[in-house]
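Peer 1: please find the sequence and the predicted model below.
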Amino acid sequence: MTRIKEHLNVLANDIGPRLTGTPGNLKATNYVAGVLRELNYQVNRQRFDAMDWEDSGATLDLDGQTISAQSADYSNPINVVGELEVVDTLEALQAANIKGKICVLTGELTKEVLMPKNFTFYKPETHQQIIAALELGGPVAIISVSHNESPAAIIQDGDFEIPVLGVPQADGQKLHSGQQAHVVINTSRIKSTGENTLGHLGEGRKVAVVAHIDTAPKTIGALDNASGVATLLAIAEKLKDWQGEASLEFVIMNGEDNYAMPGELVMSEMIATNPSAYKVVVNIDGVGMLGSKVAYSGYELPDSLRETVNTIFSQQKEFVTVDPWPMGDHMLFAARGVPAISLTSADIFAQIDFLHGSADTVDVVDAVICDVVADVVSRFIREMG
């Protein structure tokens, strides 16, 4: 057994939340850099600007009654009393007079989390229209009503300036246009930096293994993605004596769960300069979910490589193939024509909501499955090299 349990415990329990730009994130990147150096990999670090965000809670008072509320991730602070204006469709939002009011978003408007306004990789038109209507309308604050018992807000964007908080569905039903509410959001945005960590060994075209180390703000991120980083480090350990024709690159990305994806942007620029330097990339994100099989999918794979992938991965009873999913660090490479493979947990898509909350603990991670993944990926790399 490799040190997967040790790595998982350090990242998720000892360090905890690893939001890009925070002290916890820096501790995590220092840790993985140290492990790679111990294994005699050449370590490089790509530094970039980021934002630290601190949350001291939020309150919502309605006619003397306190409503359960939560600061939206990355929200600006505010302390304001204002009139509520409730809207439930894009058309209603665009027609409403929300200037100087507290805008309550519900119904169709809050059915899914909006992509950040400056997100470069995926920009649904409806999301952009909602954001544009809010910015044009000029409310003093926004209340996002969820579709369940969670108070998570649909806007989680450090580039969005209007303060936002979220309330659960049941409490949201108590909010009506014309009521007076008192909104307090105790948060702060702090300029900071973050870094990707790259470990390199050997010469020739690169066979790369990728995993993101950052988390959303309110989780310790055991499955998303301490398990992936721990598995990556186990693969690095298994291949530390590498002498193949290809070179190895272990890329610990920093920003996949961040509104701005700063580490991904830096890495994307590097890939663009010479995508042919990469022979194949394996992205590991969310592997080891307790009771779940490992799901794999391929991107931009030539026929011969696809055959090798299917032969090696399908032989494992723990592995199943799934349709490609376009949200993950593998897409940075695939978008440039680099052959890529993504590995995750087959059941993760049905339970995606819990990943960015308190339920994502080490108790939901099966380290034995992570070790199986490390064995299979190591065998695949030896075949490629």
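Peer 2: Thanks, I have it. Source: prediction; values computed, not measured.

Peer 1: rest of the way, CA atoms for contacts and neighbours
Peer 2: Will do.

Peer 1: now the helices for this structure?
Peer 2: 4-8, 23-38, 90-95, 125-137, 169-172, 227-238, 262-273, 303-314, 330-334, 367-384 (DSSP state H).

Peer 1: put together JSON lines for those helices, with mean pLDDT on each row.
Peer 2: What follows is the helices of the chain, written out as JSON lines (pLDDT from 0 to 100):
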{"stretch": "helix 4-8", "mean pLDDT": "97"}
{"stretch": "helix 23-38", "mean pLDDT": "98"}
{"stretch": "helix 90-95", "mean pLDDT": "97"}
{"stretch": "helix 125-137", "mean pLDDT": "97"}
{"stretch": "helix 169-172", "mean pLDDT": "94"}
{"stretch": "helix 227-238", "mean pLDDT": "98"}
{"stretch": "helix 262-273", "mean pLDDT": "94"}
{"stretch": "helix 303-314", "mean pLDDT": "92"}
{"stretch": "helix 330-334", "mean pLDDT": "95"}
{"stretch": "helix 367-384", "mean pLDDT": "95"}
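
Peer 1: for Ala359, find the nearest of those.
Peer 2: Judged by CA to CA, the one of these that comes nearest to Ala359 is helix 227-238, at 14.6 Å.

Peer 1: looking at the helices of the chain, which is buried most?
Peer 2: Of all the helices of the chain, helix 227-238 has the most neighbours on average by mean count of other CA atoms under 10 Å, namely a mean of 27.

Peer 1: how far off centre is it?
Peer 2: 19 Å (CA atoms, centre = their mean, to the nearest Å).

Peer 1: quick one: residues in contact with stretch 108-116.
Peer 2: 88-90, 122-124, 127, 130, 144-147, 153-157, 159-160, 259-260 (CA atoms under 8 Å, 6 or more residues apart in numbering).

Peer 1: touching, Asn44 and Leu198? I think so.
Peer 2: Yes. Here Asn44 reaches Leu198: they are 5.1 Å apart, a contact under CA atoms under 8 Å.

Peer 1: who's more crowded, those two?
Peer 2: Using other CA atoms under 10 Å as the criterion, Asn44 and Leu198 rank with Leu198 on top: 22 against 14.

Peer 1: in contact with Tyr74, which residues?
Peer 2: By CA under 8 Å, 6+ apart, the contact list for Tyr74 reads 53, 156-158, 189.

Peer 1: filter these down to the buried ones.
Peer 2: Among these, those buried by neighbour count (16 or more other CA atoms under 10 Å) are 53, 156-158.

Peer 1: could you tell me which of the residues you listed belong to strands?
Peer 2: Trp53 (DSSP state E).

Peer 1: start to end distance for stretch 149-165?
Peer 2: 14 Å (CA to CA, to the nearest Å).

Peer 1: and what of stretch 312-323?
Peer 2: Start-to-end span of stretch 312-323 (CA to CA) is 18 Å.

Peer 1: measure Thr361 to Ser177 for me?
Peer 2: 39 Å.

Peer 1: who's more crowded, those two?
Peer 2: Shown here are Thr361 and Ser177; by other CA under 10 Å, Thr361 has more neighbours (20 against 14).

Peer 1: please name the nearest non-neighbouring residue to the more buried one.
Peer 2: Distances taken as CA to CA, 6 or more residues apart in numbering put Ala222 closest to Thr361, at 5.1 Å, once the chain neighbours are dropped.

Peer 1: that neighbour against Ala359, yeah?
Peer 2: No. Using CA under 8 Å as the test, Ala222 is too far from Ala359 to be in contact (9.3 Å).

Peer 1: now do Glu149, the pLDDT please.
Peer 2: What the model reports as pLDDT for Glu149 is 87.

Peer 1: give the contact list for it.
Peer 2: Glu149 makes contacts with 168-170, as judged by CA under 8 Å, 6+ apart.

Peer 1: quick check, nearest of those residues to Val372?
Peer 2: Pro168 (39.4 Å).

Peer 1: what pLDDT is listed against that closest one?
Peer 2: pLDDT recorded at Pro168 is 95.

Peer 1: what's the answer for Phe354, then?
Peer 2: 67.

Peer 1: got it, and the one 5 residues further on?
Peer 2: Reading off the per-residue confidence, Ala359 sits at a pLDDT of 90.

Peer 1: next one: Met1
Peer 2: Met1 is assigned 59 on the pLDDT scale.

Peer 1: got it, and Met327?
Peer 2: Looking at Met327, its pLDDT reads 81.

Peer 1: quick check: it vs Trp53, distance?
Peer 2: 24 Å.

Peer 1: same deal with Leu109?
Peer 2: Counting by CA to CA, the gap from Leu109 to Trp53 is 26 Å.

Peer 1: likewise Met331?
Peer 2: As judged by CA to CA, Met331 and Trp53 stand 27 Å apart.
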